[in-house]
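*Asks:* Quick check, what structure comes out for this input:
(one chain, ligands or ions: 2)
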Amino acid sequence: MSKNIILLGAPGAGKGTQAIKIAERYKIPHISTGDIFRKNIREGTPIGLKAKGYIDGGKLVPDEVTIALVDSRLKESDCAKGWLLDGFPRTTAQAEALDKIAKVTTVVNVDVDLNKLSDRITSRRVCPDCGGSYSTVTYSNSNCTCGSKLVQRDDDKEETVKSRLQVYANSTAPLIEYYKKKGVLVSVDGNKAIDEVAKEIAKVLG
Ligand code: AP5
Ligand code: MG
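*Replies:* Residues are numbered from 1 along each chain as shown. Ligands and ions are numbered 1, 2, ... in the order given. Modelled structure (predicted):
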C-alpha cells in the first residue's frame, strides 16, 4: 500500500528536519507548502505575490490558494506511490479538501513543548540557494555546506513567530483531534534530539 503521510506540528517542531529523512527512507516526495510558497516568492510568480503578505505577517495563505496548489502537486506522477505532506493541512477546511483528493494513511504529530518553539525558530538559519537548514545552536559557520551565505527566514523574526504560534493554536492544533477521530494519528515526542525523534518516527511508520 502506498504511504500517504502527513507531518503535523507547530512552527519549529522539526517537521522539515524530519521530513527529509522520511522522504529519503520511503522514496516518496517531500511536499512542503511553506517551501513551495517561498520558491514562488523568490521567483516572483503570481502565487508568490499573493502569498508574501500573509507569510511575512505570520498569517495563513487563504485556503483556496493553498488547496489548489496541493491538489495539482499531488496529481504529479512522482506522487503515485505515496507522498509526505509537511505543513499541509493547517486548517479543517484544508483537511476536508484533502480527504476528497486522497486517502491519508498516517498522520505523524511532532509534539514539542511550546516554550521551546520560539527559540528553535529564531536560531534557524537557511540557505537561500540549496534550501539547507541549520540551527545556530549546533552550527556556528555563517556559510552553508554548499558555500552560500546563510540567512534568517523573513518570518523567523520574533514578532512574526508570535503570530505564527497563535495561528497554529487556533487553526491547526484542532487537526490533532480531527485525525485522532479518524484513527490515523500517531504522536511522537519532538522534544528529544533530532536522531531520537527520527528513530521514533521510523518505528511508528514501520
Ligand atoms: P512553513 O514553512 O510550513 O513553516 P512552519 O509550519 O511555521 O514550520 P517551520 O518550517 O517554521 O518549522 P518546522 O517544523 O519545519 O521545523 P524545522 O525542521 O525547520 O510555513 C511558513 C508559512 O507559509 C506559514 O506561516 C504560512 O503563512 C504559509 N503556509 C504554509 N503552509 C500553509 C498552509 N497549509 N496553509 C496556509 N498557509 C501556509 O526546525 C526548526 C529549527 O529547530 C531548525 O533550526 C532545526 O535545526 C531545529 N530542530 C529541529 N528538530 C530539532 C530537535 N529535535 N531538537 C533541537 N532542534 C531541532
Ligand atoms: Mg518547515
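*Asks:* for the chain, what spans make up the helices?
*Replies:* Assigned by DSSP state H, the chain shows helices spanning 15-26, 33-43, 46-56, 63-74, 92-101, 114-122, 158-167, 174-182, 194-205.
*Asks:* Spell out which residues sit in contact with Asn141, please.
*Replies:* Leu150 (C-beta atoms under 8 Å, 6 or more residues apart in numbering). Heads up, the C-betas are built off the backbone N, CA and C, glycines and all.
*Asks:* And it, how far from Pro128?
*Replies:* To Pro128, Asn141 is 15 Å away according to C-beta to C-beta, to the nearest Å.
*Asks:* circling back: which of the helices of the chain sits closest to ligand 1?
*Replies:* Ranking those by distance to ligand 1, with C-beta to the nearest ligand atom as the measure, places helix 33-43 first at 1.9 Å.
*Asks:* Give the other helices and strands that that closest one contacts.
*Replies:* Based on contacts counted as 3 or more C-beta pairs under 8 Å, 6 or more residues apart in numbering; DSSP states H and E, the elements that helix 33-43 packs against are helix 46-56, helix 63-74, strand 82-86.
*Asks:* deepest of these, which one?
*Replies:* Across those, the average number of neighbours (mean count of other C-beta atoms under 10 Å) peaks for strand 82-86, which reaches a mean of 23.
*Asks:* related to what we said a few turns ago, could you export the helices of the chain as JSON lines, including mean pLDDT and distance to ligand 1?
*Replies:* Formatted as JSON lines, the helices of the chain follow (pLDDT from 0 to 100; distance: least, C-beta to the nearest ligand atom, whole Å):
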{"stretch": "helix 15-26", "mean pLDDT": "96", "distance to ligand 1": "3"}
{"stretch": "helix 33-43", "mean pLDDT": "96", "distance to ligand 1": "2"}
{"stretch": "helix 46-56", "mean pLDDT": "97", "distance to ligand 1": "4"}
{"stretch": "helix 63-74", "mean pLDDT": "98", "distance to ligand 1": "4"}
{"stretch": "helix 92-101", "mean pLDDT": "98", "distance to ligand 1": "6"}
{"stretch": "helix 114-122", "mean pLDDT": "94", "distance to ligand 1": "4"}
{"stretch": "helix 158-167", "mean pLDDT": "95", "distance to ligand 1": "5"}
{"stretch": "helix 174-182", "mean pLDDT": "98", "distance to ligand 1": "11"}
{"stretch": "helix 194-205", "mean pLDDT": "97", "distance to ligand 1": "4"}
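*Asks:* Among the ones you listed, show me which one is buried the most.
*Replies:* helix 15-26 (a mean of 19).
*Asks:* Can I get that one in PDB, CA atoms only?
*Replies:* The C-alpha trace of helix 15-26 is given here as PDB (Å, rounded to 0.1, in the frame of the first residue of the first chain):
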ATOM      1  CA  LYS A  15       8.700  18.900  10.500                       C
ATOM      2  CA  GLY A  16      11.100  20.000   7.800                       C
ATOM      3  CA  THR A  17      14.100  18.400   9.600                       C
ATOM      4  CA  GLN A  18      12.300  15.000   9.900                       C
ATOM      5  CA  ALA A  19      10.600  15.200   6.500                       C
ATOM      6  CA  ILE A  20      13.900  15.000   4.700                       C
ATOM      7  CA  LYS A  21      14.800  11.700   6.500                       C
ATOM      8  CA  ILE A  22      11.300  10.200   6.000                       C
ATOM      9  CA  ALA A  23      11.200  11.100   2.300                       C
ATOM     10  CA  GLU A  24      14.600   9.500   1.700                       C
ATOM     11  CA  ARG A  25      13.700   6.400   3.700                       C
ATOM     12  CA  TYR A  26      10.500   5.600   1.800                       C
END
